[in-house]
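J.: Just to be clear, the model below is a prediction. Sequence and coordinates:
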Amino acid sequence: MTLGESTVLDRLRLVQSLPALPMVVGAVTRRITHDSASSGEIARLLGHDQALTARVLRLANSAFYAPREAVRSPEHAVVLLGLGTVRAIVLKASIFSAFAVTQARGFWLHALGAACAARAVAKLGSLGRGDDAFVLGLLHDLGKLALAEHLPAEYALVRARVARDGGLIRQAELAELGCDHAAVGRFLCEHWSLPYEYRAAIGAHHDLDQAEGEHQPWAACVHIADIIARAMLIGNGGDQAMPILDPRALRMVGLQESELGALFAATEKELGKAEVFFTIING
């Protein structure tokens, strides 16, 4: 008998150790979401967290950005990196480190691949806001982390089913739990008070009909990016089959099937840059 989505989410709500985002991370994310946020304001918020400030400064001073002179102030770093990159740093550093469960390298590579593909989709299509798309791609499978850490016995059955029968991990989740990682991802976004756009895109990236009209294009962006990362064999999200692309998805983001080749090429280019980025901020 499967647990059902309401039971799974109720059990997660009862987990006392369910991580909360540090106040600085929540504040930075909310302020960057508003167009009126200034680099000085974001720098002042970062100043309350020495570890995050150090990561931002390390990236700004890296050969990746090659500044003409040393970047010593958080405000200078924010200007050089851009608000979108700063948001990616604080969310990646805080959310993924909040889970103790160890994931295979393939999981992280898949997240990175989806992030790069999402940025490519946004830039080549009609969405724009490539940095927002990057973050959504990066976080799209975070529900798997919560399930593996807080329902380990049940999630072991999910993995065993995939290993035994093949197929998609989402299908195994629905069969064993009655709930998939996308629904858990939406729940976590709500728990962390992340922008509604994040909740909709992450929660509906396997089923676009679960996103409201204005948010469907972002869910479609993540849906396409997830499949591109799998098709390019970037990491491993846990599946043993290739999911089917929703035929509406490309249209929702302003692209055509004839542009898939350009998307693959753009994703590969983005991946080369992002691997350097991740090496630096994880160091």
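T.: That came through, no problem. Computed from a prediction, not measured in an experiment: that's the story for all the values here. Residues are numbered from 1 along each chain as shown.

J.: what about the helix or strand of the chain with the lowest mean pLDDT, distance to the chain center?
T.: When each helix and strand of the chain is scored by mean pLDDT, DSSP states H and E, helix 23-33 comes last, with a mean of 74. In terms of C-alpha atoms, centre = their mean, to the nearest Å, the centre of helix 23-33 is found 16 Å from the chain centre.

J.: got the angle for the helix or strand that it is followed by vs helix 23-33?
T.: Following helix 23-33 in sequence order, the next helix or strand is helix 39-46 (DSSP states H and E). Here helix 39-46 runs at an angle of 160 degrees relative to helix 23-33 (axes from the mean of the first three to the mean of the last three C-alpha atoms, to 10 degrees).

J.: Can you give me the first-to-last residue distance of stretch 231-243?
T.: This stretch, stretch 231-243, spans 9 Å end to end (C-alpha to C-alpha, to the nearest Å).

J.: Contacts for that stretch, please.
T.: 104-114, 116-117, 141, 144, 159, 162-163, 166-170, 206, 226-227, 229-230, 264, 267-268, 271 (C-beta atoms under 8 Å, 6 or more residues apart in numbering). Glycine gets a C-beta too; all of them are placed from N, C-alpha and C.

J.: What remains of those if I keep only buried residues?
T.: Neighbour counting with 16 or more other C-beta atoms under 10 Å marks 107-114, 116-117, 141, 144, 162, 168-170, 206, 226-227, 229-230, 267, 271 as buried within the contacts of stretch 231-243.

J.: Out of the residues you listed, which sit inside strands?
T.: Judged by DSSP state E, strands contain none of these.

J.: Which of those fall in helices?
T.: Among the buried ones among the contacts of stretch 231-243, the members found in helices (DSSP state H) are 107-114, 116-117, 144, 162, 169-170, 226-227, 229-230, 267, 271.

J.: Contact partners for Ala175?
T.: By C-beta under 8 Å, 6+ apart, the contact set of Ala175 is Thr2, Arg161.

J.: Quick check: can you list the domain ranges of the protein?
T.: Here the domain parsing of the chain from automatic domain parsing is 20-98, 102-282.

J.: List the contacts of Thr267.
T.: Thr267 touches Gly113, Cys116, Ala117, Ala120, Ile228, Ala229, Met232, counting by C-beta under 8 Å, 6+ apart.
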